[in-house]
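Q: I would like to see how this sequence folds:
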Amino acid sequence: MTEIKSTGQLPAFLTDEVLDKLVRLLDTASADEIRETILELYHIYIMREHNALSINFSEMAHHVHLLTDFLKTIDRAMQAKLPPAGCGSKISG
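A: A predicted model of the protein is given here:
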């Protein structure tokens, strides 16, 4: 597992391309919307496959948990960077 220490350096796999794609993804939908979509798909999968869940279901569940936790973290960070409602800059014309 790769851990990011407080050295200010990102892991090598976080290339400009990876970061650009993450930004593009988050421009398409909020982290919270993506998290909700993943959970919905996950729940549909469980409902349809509840009699014959995959052998690696525990691992899949763990992956979903990690991903949704990551998206929650992104959403909180993005919300903290937004100005309070009604305080945005408006362009008058």
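
Q: which residues of the chain score low on pLDDT?
A: 1-7, 84-93 (pLDDT under 70).

Q: Need the single longest helix in the protein, by residues.
A: helix 57-81 (DSSP state H).

Q: center of this protein, which residue is that?
A: Central residue of the chain (CA atoms, centre = their mean): residue 71, 2.6 Å from the mean position.

Q: rewinding a little: going by neighbour count, which residues of the longest helix of the chain are buried?
A: For helix 57-81, the neighbour count (16 or more other CB atoms under 10 Å) marks 64, 68, 71, 74, 75 as buried. Glycine gets a C-beta too; all of them are placed from N, C-alpha and C.

Q: now the residues you listed in TSV, with distance to residue 33?
A: Below are the buried residues of helix 57-81 laid out as TSV (distance: CB to CB, whole Å):
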residue	distance to residue 33
64	16
68	12
71	9
74	11
75	9
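
Q: still on that earlier bit, could you report the distance from the residue nearest to the centre of the chain to residue 17?
A: Applying CB to CB, to the nearest Å, the value for residue 71 to residue 17 is 20 Å.

Q: mind checking how far the residue nearest to residue 54 when sequence neighbours are not counted is from residue 72?
A: Nearest residue to residue 54 in three dimensions, chain neighbours excluded: residue 60, at 6.3 Å (CB to CB, 6 or more residues apart in numbering). As judged by CB to CB, residue 60 and residue 72 stand 19 Å apart.
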